[in-house]
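Chemist: kindly return the folded structure for what I paste below:
(one chain, ligands or ions: 1)
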Amino acid sequence: MTTITVTTTSPTSTIVSRNSPRSIDLPTLVVHSPVHREHKRRNSEPSSPTTPTTPQHSTYFTGFPSYTPDSRNVRLASRKSPKSPLQRCITLSPQPSGSSRSSFSTAVSSPYTHHELEDDNETLIEEEEDLNPFIGNSLYLRNVNMSNAAGTMKRKVVIMGSPSVGKTSLTQQYVAPPTYNASYYPTIEDTSHKTVTYNGVQYECEIIDSAGLEEYSLFPGKYGIGVHGYILVYAITSRQSFEMIPIVHDKILDYAGLEKVPCVVVGQKLDLQSERAVTTAEGEALAKKLNAGFIESSAKDNKNVSKAFDVLLAEMQKEYNPAPEKKKSSWWGWGSK
Ligand SMILES: Nc1nc2c(ncn2[C@@H]2O[C@H](COP(=O)(O)OP(=O)(O)OP(=O)(O)O)[C@@H](O)[C@H]2O)c(=O)[nH]1
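Modeler: Numbering: from 1, shown residues only. All right, here's what the predicted structure looks like:
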């Protein structure tokens, strides 16, 4: 017969049996805290190749930096109140880079890989989000040191817009010029990498070319988290694709829970002037309204293609890291040349 010790409010302890008539209902401690859940799960799981207990990489990130609410990003703040930053050890290592294209394999990919869980990645992401609503979110990412050992900044960019506006052509022309294919093959998803230097800062860009969106398409959630900036493309020959831009923009903000994300609006197929259905002024006005950069380009003629990405890099610099010359003029660079 099992006996347990119960401490009551009386000054003495009493030994009772569960089966005895004097048994009492013991209060059950139900722990709802996600931090506790995480802790419990890790302690209870036997170590296995998929859940290594010892870090395999030498770079440690001993805690997430504090979250500083940004007045421009009130949407998220009003939805979920910021929790205190979680102090925990996560092993991080940079993802492989290069200029090759690769298929997109993970729903949430930050510039770092969480090696702690690897195969258990989806569970980790769910739990991480539970623990800290800002994780994987661009708002959150801005507070994480994104540069690798070589000082290169990681930037994840998603290209979105209606079908057949030239998203793939624009990306290919940027990543591996000169590349232009007059044939049309609808994209499901494609990821490319390119390292560029802009305004004295080296960026390792992961560029995700997404499938064309229709007005009533569900917004793919994976494009709402862990992304630093968006290229919103329409064709100057298609009014309908132009009208999709604010819809896509709104879906991004709603999903990310932000007031502003770095964006550039790109009017593609500039070479088709005779078929123009959207004026440059209209494009500019829309971009201004969305607080985004603007440019018209032609992937076919390779005109303004890299400029389109430069405009986005400028928008991202404004948002995440000021240009070095701006820093010099600020108080922390005071006195430096
Ligand atoms: N004239 C002209 N045609 C273009 C230009 N860019 C793309 N196209 C053509 O437009 C068609 C669609 O181009 P894609 O780059 O596949 O368009 P997309 O937006 O990636 O299409 P989805 O994969 O359906 O989303 C192709 O036939 C391209 O050759 C351009 O700058 N000028």
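Chemist: can you tell me which residues contact residue 210?
Modeler: The contact partners of residue 210, by Cβ atoms under 8 Å, 6 or more residues apart in numbering, come to 158, 159, 160, 167, 187, 189, 220, 223. Yep, even glycine has a C-beta here, placed from its N, CA and C like the rest.
Chemist: could you find the closest non-adjacent residue to the last one?
Modeler: Using Cβ to Cβ, 6 or more residues apart in numbering and skipping the chain neighbours, the partner closest in space to residue 223 is residue 158 (4.8 Å).
Chemist: what is that neighbour paired to in the beta sheet?
Modeler: Under DSSP bridges, the beta-bridge partners of residue 158 are residue 208, residue 230.
Chemist: quick one, grab the pLDDT at it.
Modeler: If you check residue 158, the pLDDT there is 97.
Chemist: and whichever residue of the stretch 201-337 of the chain sits closest to the ligand, what element?
Modeler: As assessed by Cβ to the nearest ligand atom, the ligand sits closest to residue 212 within the stretch 201-337 of the chain, at 3.1 Å. Under the criterion of DSSP states H and E, residue 212 resides outside all helices and strands.
Chemist: ok, and which of the contacts of residue 210 reach the ligand?
Modeler: Residues of those in contact with the ligand (Cβ under 6 Å from any ligand atom): 167, 187.
Chemist: in strands only, show me the contacts of residue 210.
Modeler: 158, 159, 160, 189 (DSSP state E).
Chemist: any idea how far the residue nearest to residue 223 lies from residue 251?
Modeler: 12 Å (Cβ to Cβ, to the nearest Å).
Chemist: these two: who's more crowded?
Modeler: Between residue 158 and residue 251, counting by other Cβ atoms under 10 Å, residue 158 is the more crowded of the two (24 against 18).
Chemist: from residue 281, how far off is the more buried one?
Modeler: 27 Å.
Chemist: can you show me the helices along the stretch 151-300 of the chain?
Modeler: 167-175, 239-256, 280-289 (DSSP state H, counting those that start in this stretch).
Chemist: looking at the ones you listed, which is buried most?
Modeler: For those, the largest average neighbour count (mean count of other Cβ atoms under 10 Å) is found in helix 167-175, namely a mean of 24.
Chemist: for that helix, give me every contacting residue.
Modeler: So helix 167-175 is contacted by 99, 101, 159-161, 179-181, 185, 187, 190, 192-194, 207, 209-210, 212, 231, 233, 266, 268, 297, 299-300, 302, 305-306, 308-309 (Cβ under 8 Å, 6+ apart).
Chemist: in this protein, which segments are predicted with low confidence?
Modeler: Along the chain, segments meeting pLDDT under 70 span 1-150, 322-337.
Chemist: which positions in it make contact with the ligand?
Modeler: Going by Cβ under 6 Å from any ligand atom, the residues of the chain near the ligand are 163-169, 181-184, 186-187, 211-212, 268-269, 271-272, 298-300.
Chemist: again, only using 5 Å
Modeler: Proximity of the chain to the ligand, by Cβ under 5 Å from any ligand atom, involves residues 163-169, 182, 184, 186-187, 212, 269, 271-272, 298-300.
Chemist: what's the distance between the residue nearest to residue 223 and residue 207?
Modeler: Distance from residue 158 to residue 207, by Cβ to Cβ: 8 Å.
Chemist: so which of the ones in strands among the contacts of residue 210 wins on neighbours?
Modeler: Neighbour-wise, the ones in strands among the contacts of residue 210 (other Cβ under 10 Å) top out at residue 159, 28 neighbours.
Chemist: contacting residues for it?
Modeler: 167, 170, 171, 207, 208, 209, 210, 230, 231, 233.
Chemist: show the buried residues in the contacts of helix 167-175.
Modeler: 159-161, 187, 190, 192-194, 207, 209-210, 212, 231, 233, 266, 268, 297, 299-300, 302, 305-306, 308-309 (16 or more other Cβ atoms under 10 Å).
Chemist: and residue 287, what does it touch?
Modeler: 264, 265, 293, 294.
Chemist: how about a cut-off of 6 Å?
Modeler: 265, 294 (Cβ atoms under 6 Å, 6 or more residues apart in numbering).
Chemist: that one and residue 165, how far apart?
Modeler: 15 Å.
Chemist: pull up the distance across stretch 215-225, start to finish.
Modeler: 21 Å (Cα to Cα, to the nearest Å).
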